[in-house]
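In: pasting the sequence and the predicted coordinates here, then a few questions.
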Amino acid sequence: MQELVSGALNVYRRAPAAGSERTRGLASRFAAYAVVPVSNMYLYESAVERAEHLQAALDSRAVIDQAKGILMERFTLTADQAFQALARISMDSNTKVRHVAMRFVETGEFPTG
């Protein structure tokens, strides 16, 4: 998903004339080259942000899987049932599933009520 980046280039002259066709052509070519690093920086920042989101998702997935495994062993649940238990506590407490899972993995306490 590529987004458009807008910018402006101000060109100043010492003489009050509007500028020759050659000058306008040079300014236009310069603007085309100047947009490349700006666009690259935008793409770089977008990639870094996306990588951070993916890392957070992987970290969340790991702790959720740990919690599911503990629930499956402790209460002889299937993987789906263990996730549903986490999701139920998440909804009841208005807390993200990863936070419920993290708290369970850290404390070993699972609210059943």
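Out: Good, I have the coordinates.
In: host element of residue 99?
Out: helix 97-107 (DSSP states H and E).
In: can you tell me how far residue 55 is from residue 78?
Out: 29 Å (Cβ to Cβ, to the nearest Å). C-beta here means a position set from N, CA and C on the backbone, and glycine is covered the same way.
In: now the angle between helix 97-107 and the helix or strand hosting residue 24, please.
Out: Under the criterion of DSSP H and E, residue 24 resides in helix 21-75. In terms of direction (axes from the mean of the first three to the mean of the last three Cα atoms, to 10 degrees), helix 21-75 departs from helix 97-107 by 50 degrees.
In: angle of the next helix or strand after helix 21-75 against helix 21-75?
Out: Note on helix 21-75: by DSSP H and E, the next helix or strand toward the C-terminus is helix 79-93. Interaxial angle of helix 79-93 relative to helix 21-75 (the same axes, to 10 degrees): 110 degrees.
In: which outside residues touch helix 79-93?
Out: 64, 67-69, 71-72, 75, 77, 95-97, 99-101, 104, 110-111 (Cβ atoms under 8 Å, 6 or more residues apart in numbering).
In: next: stretch 97-110.
Out: Contacts of stretch 97-110 (Cβ under 8 Å, 6+ apart): 60, 63-64, 66-68, 70-71, 74, 85-87, 89-90, 93.
In: how about the residues you listed, which pair is most distant?
Out: 60 and 74 (21.1 Å; Cβ to Cβ).
In: which of the two has more residues huddled nearby?
Out: residue 60 (16 against 11; other Cβ atoms under 10 Å).
In: now the more buried one, nearest residue through space, not along the chain?
Out: Take residue 60 and drop its neighbours on the chain: the residue closest to it by Cβ to Cβ, 6 or more residues apart in numbering is residue 98, 4.0 Å away.
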